[in-house]
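> Task: produce atomic coordinates for the following.
(chains A and B)
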Amino acid sequence: ETGVTQTPRHLVMGMTNKKSLKCEQHLGHNAMYWYKQSAKKPLELMFVYNFKEQTENNSVPSRFSPECPNSSHLFLHLHTLQPEDSALYLCASQHKTGSNEQFFGPGTRLTVL
Amino acid sequence: GESVGLHLPTLSVQEGDNSIINCAYSNSASDYFIWYKQESGKGPQFIIDIRSNMDKRQGQRVTVLLNKTVKHLSLQIAATQPGDSAVYFCAENSGGSNYKLTFGKGTLLTVNP
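Alright, predicted model coming up:
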């Protein structure tokens, strides 16, 4: 276990649904990330939060909406997704003033029908 | 554009053999590199890292070599075990920020008993 948890682990949703992914870490880290992992493609950085402030939006469509209420929690709100959005969504955290290592959660396997 | 890529998508070795996984990068400004291991159903797990001012770094059964001249990174696993079977990713931190990693596609390592 890395200390980063994600819920749910699996999610199936229709294109008109609204759902949220949750990430939680109690490692004392102050940076959190969302990545998308599609089959046969490299991990794609989506969003970065430092001390609860969004510092990176990697040209992500607006149907993905992140929220970081505090440095321990990160959400990804989903609405009107497309089938091509089906992927593994990974959350990671890092201590900004320490190691460059990012600790990853187990991911949420998302299927959009 | 800048990219991190892997020479081989799959690698199959016998238990007890040494494994070498290669990675090419194109951003000469990258100052930090990481190898991650991802087992089925899990998020990426940190293995070892190396800074650009080093050529070699050793961990437990793993060694990372960095050749800046040809922009090449390799991960060597000694006495490969079945538990080493996973997808291995290299990632680079392009100069400046210490939080934006660019990942390669990954190499699937299969260890045969």
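
> residues touching whichever residue of chain B sits closest to chain A, list them.
Closest residue of chain B to chain A, Cβ to the nearest Cβ: B:Gly43 (3.5 Å). C-beta coordinates here come from the backbone N, C-alpha and C atoms, glycine included. By Cβ atoms under 8 Å, 6 or more residues apart in numbering or on different chains, B:Gly43 lies in contact with A:Thr2, A:Val4, A:Gln6, A:Leu90, A:Ala92, A:Phe104, A:Gly105, A:Pro106, A:Gly107.

> shouldn't the fourth one be in contact with A:Ser38?
No: taking Cβ atoms under 8 Å as the contact criterion, A:Leu90 and A:Ser38 are not neighbours in contact, 11.3 Å apart.

> Tell me which of these two has more neighbours.
A:Leu90 (25 against 13; other Cβ atoms under 10 Å in any protein chain shown).

> how about the more buried one, secondary structure?
Counting by DSSP: H, G, I helix; E, B strand; the rest coil, the backbone at A:Leu90 sits in strand.

> any idea how far the closest residue to the residue of chain B closest to chain A other than its chain neighbours is from A:Leu21?
Nearest residue to B:Gly43, sequence neighbours excluded (Cβ to Cβ, 6 or more residues apart in numbering or on different chains): A:Phe104, at 3.5 Å. A:Phe104 is 14 Å from A:Leu21, where distance means Cβ to Cβ, to the nearest Å.

> Find the residues that touch each one of the two.
With Cβ under 8 Å, 6+ apart as the test, A:Phe104 and A:Leu21 both reach A:Cys91.

> Around chain A, which positions in chain B sit nearby?
B:4, B:32, B:34, B:36, B:41-46, B:49, B:89, B:91, B:93, B:98-106 (Cβ under 8 Å from any Cβ of the partner chain).

> Buried among the residues you listed? Need that as a selection in ChimeraX.
Per 16 or more other Cβ atoms under 10 Å in any protein chain shown, the buried members of the residues of chain B next to chain A correspond to this ChimeraX selection:
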select /B:4,32,34,36,43,44,46,49,89,91,93,99,100,101,102,103,104,105,106
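
> Tell me which of the residues of chain B next to chain A fall in strands.
B:4, B:32, B:34, B:36, B:45-46, B:49, B:89, B:91, B:93, B:101-103 (DSSP state E).
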